[in-house]
Structures are given as C-alpha cells and as structure tokens.
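> Following is a predicted model, sequence given first.
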Amino acid sequence: AHSMEISCMEVGPRSEGKWPKEWGNFAIQNKRYQEYRDSKRLHCGDASDVNFLHKIWTSEMKNRTTDSHPPLKVVVDDGAHLAAHMAQSVFFWFPRIQPRGLMVVEDIQPIPEANKFRTQFLPQIMSDLHYCGDPAQPDMDSACFPTLQPLLASIHCEMHICVFERNDEPAVELSLEDSTMPKGALDLRTCKALSNSF
C-alpha cells in the first residue's frame, strides 16, 4: 500500500508549495510513520499536483510490481475534498488501475468546495458510462472524457462517496498531459454529448 500526505512535505510558506510549520505534520502521529517513509510507501507532497503524482508513480510505484507491491487494485481519494482535487485524482489514477479494480472518492457531500464534483464532473462521466453506441467502437468525439470512457464499467454513488469500477480493459499508462484534468471537467457545458441538454 502507498499513501500520499501533504502535511509531511517540506516545511515552509504555502505560497512556495511547502507546508507551514504551525499547521503540523499529521502523518508523524502514526507509529509506523518512519517505517513507511523508509520503505518509500508514504510519499510527502500535494496529491492534487499532477506533476507530483506523475513523479511518484514513475519513480516510486510503477516499477515495484512484485509480490509485495502488486499492480493497483484499489485507489482511495480521501484528501482535501475540493472538487478539482477529486476530479484530478480520477483522471490520474483510474486508468492505472487493473481490470475490475476500484477507485473510491470520499467526501463528495454538498459543500461549496466539493459541489462541482457532483454537479459538473459526475454528469459528464455518467454520460460516458451510458454511451449508447457500440462500446467496442465508441465515437470518441462525443465522449466527455475520452481517457476515462473506454475504461468504465460502473459508477456507484451513495451519500458522500462514489466508487468507480474499471472494466476488463488493461491498465493504461497515460502521458502527463493525458493524465491532467481537462479544462472542462468541472463545467458540463463543455461536453458535446451534453450540449443539447442545456
């Protein structure tokens, strides 16, 4: 298992991409903190930063697929609960999960910071899930999210949580650009498939 934690990153001003000392390192309270750091399973940084995710994935995680470090089966996003952070997490991790694996996004409750995930991102990815054409030959011009649509099996949302299930397609190694949340991810008016519903 691997974890990303922002509070143990380099101490300094938040404006410089660091973590203010007065905010504290929450992760260090775990009795196995140093063990996880030493084994490179606890990665200190901002998990909403796609460059950080890509660096950790390529240098610390991807090449460790042994018996003790199997391919991704389950990814849980339980971070800042900001809509853009949660959506970015889906764009980065979901394609890298093995067939029939799961991605869990927590705390999508109706609060201003998370609302666009529910009201803008979810309608678009649900539209892709319910594509009515031949799933083997989807019209990628009409998919809201062409990097996610071919990999979706199901989406289950209940209360404050969504579970995204991978289909039988193999995991995909996307470029940094294709792993980055597209501009319209939090504005459903940008999706061609949904443009007639406004």
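Cool, got the structure. Fair warning: this is a prediction, and the values are worked out from it, not measured in the lab.
> can you pull the contacts of the nearest residue to residue 1 once chain neighbours are set aside?
Counting by C-beta to C-beta, 6 or more residues apart in numbering, residue 1 lies nearest to residue 41, which is 6.4 Å off, once chain neighbours are set aside. Any C-beta I mention is one placed from the backbone N, CA and C, and that applies to glycine too. Residue 41 makes contact with 1, 2, 3, according to C-beta atoms under 8 Å, 6 or more residues apart in numbering.
> Where strands are concerned, which of those residues count?
The strands, defined by DSSP state E, take in residue 3 from the contacts of residue 41.
> Just name the lowest-scoring one in the contacts of residue 41, pLDDT-wise.
Lowest pLDDT of these: residue 1, 85.
> Could you check how many residues crowd around residue 52?
Around residue 52 sit 18 other residues, with neighbours defined as other C-beta atoms under 10 Å.
> cool, and the one 5 residues further on?
Counted with other C-beta under 10 Å, residues neighbouring residue 57 total 20.
> go on, the one 4 residues further on?
Counted with other C-beta under 10 Å, residues neighbouring residue 61 total 18.
> so what's it closest to, chain neighbours aside?
The spatially closest residue to residue 61, leaving aside those adjacent along the chain, is residue 2, at 5.8 Å (C-beta to C-beta, 6+ apart).
> Correct me if wrong: that neighbour contacts residue 53.
No - judged on C-beta atoms under 8 Å, residue 2 makes no contact with residue 53 at a distance of 11.1 Å.
> Can you pick out the residue with more neighbours from those two?
A count of neighbours by other C-beta under 10 Å puts residue 53 above the other of residue 2 and residue 53, at 25 against 17.
> That one and residue 92 touch, don't they?
Yes - assessed by C-beta under 8 Å, residue 53 is found in contact with residue 92 at 5.0 Å.
> check contacts around residue 173.
By C-beta under 8 Å, 6+ apart, the neighbours of residue 173 are 62, 95, 96.
> and those residues as TSV, adding pLDDT, secondary structure and neighbour count?
Putting those into TSV (pLDDT from 0 to 100; DSSP: H, G, I helix; E, B strand; the rest coil; neighbours: other C-beta atoms under 10 Å) gives the following:
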residue	pLDDT	secondary structure	neighbour count
62	80	coil	14
95	96	helix	21
96	95	helix	22
